[in-house]
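Enquirer: All I have is the shape, not the residue letters:
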């Protein structure tokens, strides 16, 4: 069964450093998403992406964040200058359809980001 | 913010049916009801979704009231591996907003 994969599973970085979290969505999916979950809190939407453009973003997704689909398979989330409060689980998701449709999102296993 | 209300926690005996309620009184006509679950800190796992009719798949059944203001997720024979946080989400245009969910504990 196809699944979303994410690497690395755990990333430790120093405050102020740049990190790139990687995701490989399900191959025939066209819409991609990033969510985060701070320990003990809710899963929060960050951004959705389609056709090489951001479709929607939340207020959390500020100028420190960017997303990219550098090739035909990967979808990345970059945090330019990490802060302590960026420590969280980051989940990637993908769906066949997206905004304008309702379609099931499938989530990856997550990357645990720890900022020291 | 989430448009649903769920009890914060529930217990269920192993082998019994787990019935998880969800209120979504402000749901609009074309919004779907989705259920996901999250085991420990793993990624949310899709369970089932529906619009108006009741739905069943290999994991669960979804019962939606006629006025669509509430729904119930049914796990027919809960196992210890079903212990997780269950999220009920009302979604349009793939706008998934997670609430706090219900922490279901299946006990031997």
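Expert: Sure, I can see it. Note that the coordinates shown come from a computational prediction; the quantities given were computed from them, not determined experimentally.

Enquirer: Now the residue most central in space within chain A. Nearest residue, chain neighbours left out?
Expert: Computing the C-alpha centroid of chain A and ranking residues by C-alpha atoms, centre = their mean puts residue A:34 first, at 2.9 Å. Excluding the flanking residues, the one nearest residue A:34 by C-beta to C-beta, 6 or more residues apart in numbering or on different chains is residue A:46, at 4.3 Å. Backbone N, C-alpha and C define where each C-beta goes, glycine included.

Enquirer: helix/strand/coil for that neighbour?
Expert: With DSSP: H, G, I helix; E, B strand; the rest coil as the basis, residue A:46 sits in strand.

Enquirer: Not counting stretch B:42-55 itself, show me its contacts.
Expert: Contacts to stretch B:42-55, defined as C-beta atoms under 8 Å, 6 or more residues apart in numbering or on different chains, come from residues A:4, A:43, A:91, A:93, A:102, A:104-110, B:30, B:32-39, B:56-57, B:59-64, B:68, B:71, B:73, B:86-87, B:91, B:98.

Enquirer: any weak-confidence spans in the chain?
Expert: You didn't pick a chain, so chain A it is. A:98-102 (pLDDT under 70).

Enquirer: Switch to chain B, please.
Expert: B:1-2.

Enquirer: Which residue ranges of it form strands?
Expert: For chain B, applying DSSP state E gives strands covering B:9-13, B:18-23, B:32-38, B:45-50, B:55-56, B:61-64, B:70-75, B:84-91, B:102-107.

Enquirer: so can I have JSON lines of those strands showing mean neighbour count?
Expert: Output for the strands of chain B, formatted as JSON lines (neighbours: other C-beta atoms under 10 Å in any protein chain shown):
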{"stretch": "strand B:9-13", "mean neighbour count": "14"}
{"stretch": "strand B:18-23", "mean neighbour count": "20"}
{"stretch": "strand B:32-38", "mean neighbour count": "23"}
{"stretch": "strand B:45-50", "mean neighbour count": "18"}
{"stretch": "strand B:55-56", "mean neighbour count": "15"}
{"stretch": "strand B:61-64", "mean neighbour count": "19"}
{"stretch": "strand B:70-75", "mean neighbour count": "20"}
{"stretch": "strand B:84-91", "mean neighbour count": "23"}
{"stretch": "strand B:102-107", "mean neighbour count": "17"}
